[in-house]
Structures are given as C-alpha cells and as structure tokens.
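**Student:** Would you be able to build a 3D model of this:
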Amino acid sequence: MSDMKSATEAIDFTSNPIVQKLDALSIPHNTYAHALSMAADDLVANVPLPSENESHTKNLFFKDKKHGFFLVTTCTDAEMNTKELGKMLKLEGKVNLRLADETLLIGKLGCKKGCVGPLSIMNNSDKDITLVLDDALMSKEKIHSHPLRNDASTALVPSDLLKFIKEVGFEPTMLTFPKKGAAPLPGKVPASRPSGDKSSKPQIAPKDKNAPKTKDINKKQTKKGETQLALKWKKEENFAMWYTDVIVLSEMISYYDISGCYILRPWSYQIWEMIQDWFRPELRKLDVENSYFPMFVSKDRLEKEKDHVEGFAPEVAWVTKSGDDDLAAPIAVRPTSETIMYPAFADWIRSHRDLPLKLNQWSNVVRWEFKDPTPFLRTREFLWQEGHTAHASFDDANVMVRKALELYRRVYEELLAVPVIPGYKTEKEKFAGGHSTTTVEAYIPVSGRAIQGATSHHLGQNFGKMFDINYQDEKGETQTVWQTSWGLTTRTIGVMIMVHGDDTGLVLPPKVAPQQVVIVPIVSKKCPLENLSSYCEEILKSLEEKNIRCKLDDRVSYNPGWKYAHWEQKGVPIRIEVGPRDLEKKEARMVVRFGGEKIDVSVDNLADAVEKKLVEVQKGMFDKATKFRDDHLVKVTEWKDFVPELEKHNLIMTPWCGPEHQDWEEWVKNKSREESLQNSGEGPEEETAATSVAAKTLCIPFNQPELAEGTMCIASGLPATCWVMWGRSY
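**Tutor:** A predicted model of the protein is given here:
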C-alpha cells in the first residue's frame, strides 16, 4: 500500500472525527487520500486495492415513514433490491424504503452525499438508525470506507470495524446480499457455454408444492418450457427501476465506466438508424444539405454570445491538456454547434444570392449534466441531428422553424406512435440567446411526467450580429441574416420505451422495430428442425418479398419457450409460431406483442395478414397512448385545484398572463414544490435530483382553447392572454 501511504502524507487527518475516535479506541487503521469518488463504482475504478480479498463499500441511507432509517453497507458487487431488503429486514405492513436526501444525511450522519460509510454511524446521536452490514464483508481481509469525506478511505479489519460500531453504541444487523450476476438472468445464456451443453440452457425451477402462493408469481411465465419473467420490477410499482430493467434486459443499453455515458447496443442503434433513414429524405425535400463540423470550440468563440454561454456554462466539458502538457488555451467539447458553425456562415454568406443557407449534421454532443443521469433521457453524451439555417427575412426563418418542428411531430407520432403537443416555450424556458423556441411535448404514463421531445429555435439576428453574418441585399445594402437551429436526439428512444413498454419488456412500434416479425419453429424430439426448415424458409421469403423486416430463429440451443420470452422482451411486434400441426394444415400461428392477440392464418394469406396487422398495431399503439394522454390533460382556473390535479399525474392547462412574466412562472414552480412536499411530508429536494415535484411550464400550445374575456391568470391575477400547459417533467 505504498501508493496509499504517499497520498496520506499530503493530507493531515488528525482533525478528522472518525480518525480521532479510532485513535481514542486504540483501533489500528490506515486512513489514506485518493481521487474524489462519489459512488462505489467510482471507488472501484479510481482506487484499486492491493488484494482481491479487500473491499470498498457501497453505502445507501434509506428512510421509511413507518419503519424509520436504515444505513445499509454492502460489498460493491452486491445486488440491492429495496423490495427484497424490506423482506430480509422482516418489516411488517407497507414498506416504502426511499433514499434519504442530503439534508437528512447531514442531520443524521454528519456527512454529505457521496461521503457516507459505516463509520459515520458514530454521528447518529439520536440512535434512531438501523445499521445493516453485508455478511460478505466479514470474510474480507480489510474493509475500506469513507471517513466522512469522499477523497479518502479508512481501511479496517472486519473485527475492528465491528468493535468500532459497538463502541459507539450500535449493534449491526447482518444480512446476506446476493452478488450482481450471481445467477444467469432469465433469458440469458452465458457467453462461455460450450456448444451443446444442455445443462446451461435456461431452466425452470421446479415448483415447490408446499410453498405458499404469492401474488407475485406469474403463472404464464412459469409454464413448462418457458423462462421465468426476467423483469424484477413492475411498471406501476417502481417506474424508474422498471425502466432500468427494460433497457438492460432487452439489450438496448450497456453501462459504461464513466457516469452518464452509455453504450447503445445494436437493438437501440438500429432504431436510431431507422429514424435517420426516414428523416434524411424529408430534409432533402426542404433543401437541407448534410455537413459535418469539428467537435471542439475555442473558449473565445463559445463565450462570444453572453446569454448563450450562460445557458450552457455548467454543462460544458473542457479539454485542458495534451498528454502531460497544458494546452495554451482550453477548448470546449461542443454542447451545441452555433458558435462552431456560424463563423463559417460569415465566410460563406456575402450576397442575398447565398441565401437561404440550410445545413444539417448528425453528430454527438457532450453536456456534462450534474443531475442524476438517465439512459437516453439525460446523458452526458448523446447523438442527435442538428439543423442550422440562415435566411433573408424573419418570416422565412419562421417558416423553417415550423417545418422542422413538424418533422419532429411526425417522428414521434408517425414512427414512434407517441402523441405530442406542439407549442412555444416561455421566455424563461426558451433556448439561451434565441428569439423564440418551439417544442413538441410528450406525456409519460405511470410517472405522470412530461418530457420535451424536440425543439426548433428562431434565433432572430442575435447570432448573426455576434458573428458578423451579413450580406448585400438586392439594393446593395448590408443586412444581417435571420437564423434558425433545431435538433432531435436519441432521447426519442427513451420516450418510446417509457410510453409503450409493459411488465414483460419493450413493445416496439412496427415502423421502427429492428425486426418486425420473428419466426419460431416449435421443434421437439418427434419433430426436429429439419422437418420444419423448408416450410419456415418459405414463410420468411414471402415476408421479405413485402419488405417486412423478419428473422427466422432456428437456433437449436434454445427451446421455443425461451425464444418466446426473449423476443417478447425485445418488443418484436409479431411472432409467428410454426409446429408440426401447422405444417399439416398449411397454417401458422401469428402472436401479436401489442395486446397479445393470437391468430391462426393460412400460409397462403400469411404475408398479407402480417402486413395488415403491422399497420393495425402501429395505429393501435398511437391511439392507446393518445387516449391515456388526453385522459390526463385537464384545465384548471383556480390555484386551489392546481397541486391536487398535479398529484393525479396530470398535465394542466391554465389561463396565463403571458410568457414574459418569468417572476410568476418561478412563483408557480416554487409554490407547487412547497405544497407537494408539504402534502407528502418529505424533506427538501436535492439539487442533483433528475426529477422534481415542482410544476414548470411545458409550452404555450399552438392549438389554444377559447379564452373567455375577463379570464384571470391563475397565479398573478392579471388578465390572461393565453393558455399555458404545466406539468412535472424529466
């Protein structure tokens, strides 16, 4: 541990309360400095240990209204499931374990978020916290945990950790936690399984006849020949954990070792490619050309437009070194491309004949979000399409803004089957440095939150003046261009998943499903694959002739039940089952993912039936999502009804005194947060929380309901000039 020792020499730990207490108790320890590490994964990545039999700790501080507080300390590779934790602790009645906010951390444990460890239990003077320890830690040579700060760790042998805990007045509860990936996930086969090793196939656990019945058993998924339900969470029970389960188990996302960055696996990237394939010809119809600009921007350029850079400043990632050498000046990784592209616009545009200039690029963007990241929705790097245009007049630019927004509406509604509401952003919510912003807003069922789907900005002449993008008009007079910018990101995929997914996994709209149909032969000892192969190939060919994306799953290492569960989880719209009876009758069974319909169809009519059903499914998914959204869109004209309707997971339309009244907009946000927290009995929100209980303006819809004369603003009491839509949002 020589590296650790050298690090400690730079920091004096003698004033640290944990170190002082350990010394007072004559408990030997090694407290050392290291790179700042907010989470257990950061520790594993940043602070390697000298032995595999030593362990950092993962620490979670939970609160439950009925059962109190719990500090849970486990090995870094332990699986954490709050539902199972409640059972392991034998908590009776309703259990709702939730992570405590930073205010409680400071009040109860005397440390900030990211600095928690089992040693911090010393600061719980009220003795109202149950300390839970992972049994697996007791078999380690040493346990490393934070001494109230996340740039240091204290190493103790397990017996000395227990001694410390008991000396400060606590008796830990010891539990055994499963390790991540300890058992193969249902629907997964280990990559190292030898070919033909039947023992490694997914197996159904034998039913215990004496086991008590529970409401969580999914009988459909435990029939002979089928895999167990892979998702651990129900969409209605824990939306956030359900979403994580779906995107991982359906092979959309893999996690990366840099927080907020994710790997798009082929299944999700193909969806993005299909959005691109639809979008490119639509851009060509608008005379928009593709281009590519560098990803780096100098500090001078980025900071040239004051309002613009202030809007992005907290999220900008800076490159400051090349190898071991400092750069002469820092350069930013693009958070957006206005300041990268517009100096080139100034070079290229000289005359009115050079207008309009319409460019698009497909690229990645880095915005170093400090809020809790969520795959697809809020990530530090994301993929997008960004359009930038320059025009001779305000009106021409405005037409471009609305045409781009219409493309975004169509992507959501025609491709992804997600209804959206188009409208204007308020002054408070518009793009920094722009004249105005238009948006399409979607609604996420169950969570009851809105999400900004895509935006199209009228930039006015602000950037044109900043970057001297001028031209000579027909009269020979110098004019400044009017500009637009507009973008659509991989957030689209996350919105689609949240809107349509169910407790089995993805439910994909046919227009963007990488595979629209999967053919599964029902093989057995009596009917081997050879008997069905040619019949299945004929079906495959008939579907391909109609340009239906389809796949024959003729893998012999998986049984039909496993394949059903696998493809259902991945959201394939239609499954075609082919067995010996179908071969005899010249039929096939068509199983629809959306709704679960099962239809036996003659093989001669199968391709036509599939084609028709895919159209029906696309429409059915959109209609279902639209009805759910409309059922949760309400009008409110008095403040007393605002928060109660918000609590019902509704979007709210209210009379408003105008988008320029940012002070009253902020008042609604703060007041709704205050009343919501008061009603729930929860403490203050953390600044890094990805979602808030506060309402915010989503948009001023283009389609405005009638506003009776004399109607007053719900907040200010001033005469209302429009209807505005509010909601909790991602």
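**Student:** Helix or strand: which one has the closest residue to Gln276 other than its chain neighbours?
**Tutor:** Distances taken as Cβ to Cβ, 6 or more residues apart in numbering put Trp362 closest to Gln276, at 6.7 Å, once the chain neighbours are dropped. Where C-beta positions appear, they are placed from N, C-alpha and C, glycine not excepted. Secondary structure assigned from DSSP states H and E places Trp362 in strand 357-366.
**Student:** Give me the pLDDT value at the residue lying closest to Trp656 once chain neighbours are set aside.
**Tutor:** Distances taken as Cβ to Cβ, 6+ apart put Val724 closest to Trp656, at 4.0 Å, once the chain neighbours are dropped. Note for Val724: predicted pLDDT of 97.
**Student:** can you start the count at 851 instead of 1 from here on
**Tutor:** In the new count, where the first residue is 851, that last one comes out as Val1574.
**Student:** Tally up the residues packed near Val1574, please.
**Tutor:** For Val1574, the neighbour count with other Cβ atoms under 10 Å is 27.
**Student:** got a list of contacts for the host helix or strand of it?
**Tutor:** Per DSSP H and E, Val1574 falls inside strand 1572-1577. For strand 1572-1577, the external contacting residues (Cβ atoms under 8 Å, 6 or more residues apart in numbering) are 1271, 1273, 1276, 1291, 1293, 1298-1300, 1483, 1485, 1492, 1496, 1500-1506, 1508-1509, 1518, 1545-1551, 1554-1555, 1557.
**Student:** That strand pairs with which strands, and in what direction?
**Tutor:** Within its sheet, strand 1572-1577 is paired with strand 1501-1506 (antiparallel), strand 1546-1551 (antiparallel), according to DSSP bridges.
**Student:** Out of the ones you listed, which one sits most buried?
**Tutor:** strand 1501-1506 (a mean of 24; mean count of other Cβ atoms under 10 Å).
**Student:** tell me the mean pLDDT over it?
**Tutor:** Here the average pLDDT along strand 1501-1506 is 97.
**Student:** Can you read off the backbone torsions of the nearest residue to Pro1028 once chain neighbours are set aside?
**Tutor:** Of all residues not flanking Pro1028 in the chain, Glu929 sits nearest, at 4.7 Å (Cβ to Cβ, 6+ apart). Torsion angles at Glu929 (phi, psi; degrees, to the nearest 10) stand at phi -80, psi 130.
**Student:** In contact with Glu929: list those residues for me.
**Tutor:** Applying Cβ under 8 Å, 6+ apart, the residues near Glu929 are Phe1027, Pro1028, Lys1029, Lys1030, Ala1032.
**Student:** how about a cut-off of 7 Å?
**Tutor:** Phe1027, Pro1028, Lys1029, Lys1030 (Cβ atoms under 7 Å, 6 or more residues apart in numbering).
**Student:** How about Gln1366?
**Tutor:** Going by Cβ under 7 Å, 6+ apart, the list of residues near Gln1366 reads Pro1360, Ile1398, Arg1399, Cys1400, Pro1423, Ile1424, Leu1464.
**Student:** Now for the first one, how many residues are close by?
**Tutor:** Think Pro1360. That count, for Pro1360 with other Cβ under 10 Å as the rule, works out to 26.
**Student:** Then Ala1090?
**Tutor:** By other Cβ under 10 Å, 13 other residues sit near Ala1090.
**Student:** contact partners of stretch 1243-1262?
**Tutor:** 1125, 1129, 1132, 1136, 1206, 1237, 1239, 1241, 1268, 1270, 1272, 1288, 1290, 1292, 1303-1304, 1306-1308, 1332-1334, 1336, 1338, 1342.
**Student:** For that stretch, buried residues please.
**Tutor:** For stretch 1243-1262, burial by neighbour count (16 or more other Cβ atoms under 10 Å) applies to 1247-1248, 1250-1251, 1253-1255, 1257-1262.
**Student:** just stretch 1443-1462 next, same as before
**Tutor:** Buried residues in stretch 1443-1462 (16+ other Cβ under 10 Å): Arg1443, Phe1444, Val1451, Val1453, Leu1456, Ala1457, Val1460, Glu1461.
**Student:** do stretch 1217-1231 as well
**Tutor:** For stretch 1217-1231, by 16+ other Cβ under 10 Å, it's Arg1217, Glu1219, Lys1221, Thr1224, Pro1225, Phe1226, Leu1227, Arg1228, Thr1229, Arg1230, Glu1231.
**Student:** Count the residues that sit near Val1296.
**Tutor:** With other Cβ under 10 Å as criterion, Val1296 counts 17.
**Student:** correct me, but it touches Glu1087?
**Tutor:** No - checked against Cβ atoms under 7 Å, the pair Val1296 and Glu1087 is beyond contact range at 9.7 Å.
**Student:** could you pull out the strands for the stretch 1351-1500 of the chain?
**Tutor:** 1367-1371, 1400-1402, 1424-1428, 1437-1442, 1448-1452, 1483-1485 (DSSP state E, counting those that start in this stretch).
**Student:** neighbouring contacts of the last one?
**Tutor:** The contact list for strand 1483-1485 (Cβ under 7 Å, 6+ apart) reads Glu1495, Asn1500, Leu1501, Ile1502, Met1503.
**Student:** Quickly name whichever of these is closest to Thr1170.
**Tutor:** Leu1501 (43.3 Å; Cβ to Cβ).
**Student:** doesn't Gly1298 make contact with that closest one?
**Tutor:** No - assessed by Cβ under 7 Å, Leu1501 is found out of contact with Gly1298, at 8.4 Å.
**Student:** overlap in contacts of these two?
**Tutor:** Joint contacts of Leu1501 and Gly1298 (Cβ under 7 Å, 6+ apart) are His1482.
**Student:** Put together CSV for the strands paired with strand 1572-1577, with distance to Lys1016 on each row.
**Tutor:** Listed next are the strands paired with strand 1572-1577 as CSV, based on distance: least, Cβ to Cβ, whole Å:
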stretch, distance to Lys1016
strand 1501-1506, 53
strand 1546-1551, 49
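**Student:** Any buried residues in the longest helix anywhere in the chain, and which?
**Tutor:** Longest helix in the chain, counting residues (DSSP state H): helix 1456-1481. Buried residues in helix 1456-1481, counted by 16+ other Cβ under 10 Å: 1456-1457, 1460-1461, 1463-1464, 1467-1468, 1470-1472, 1474-1476, 1479.
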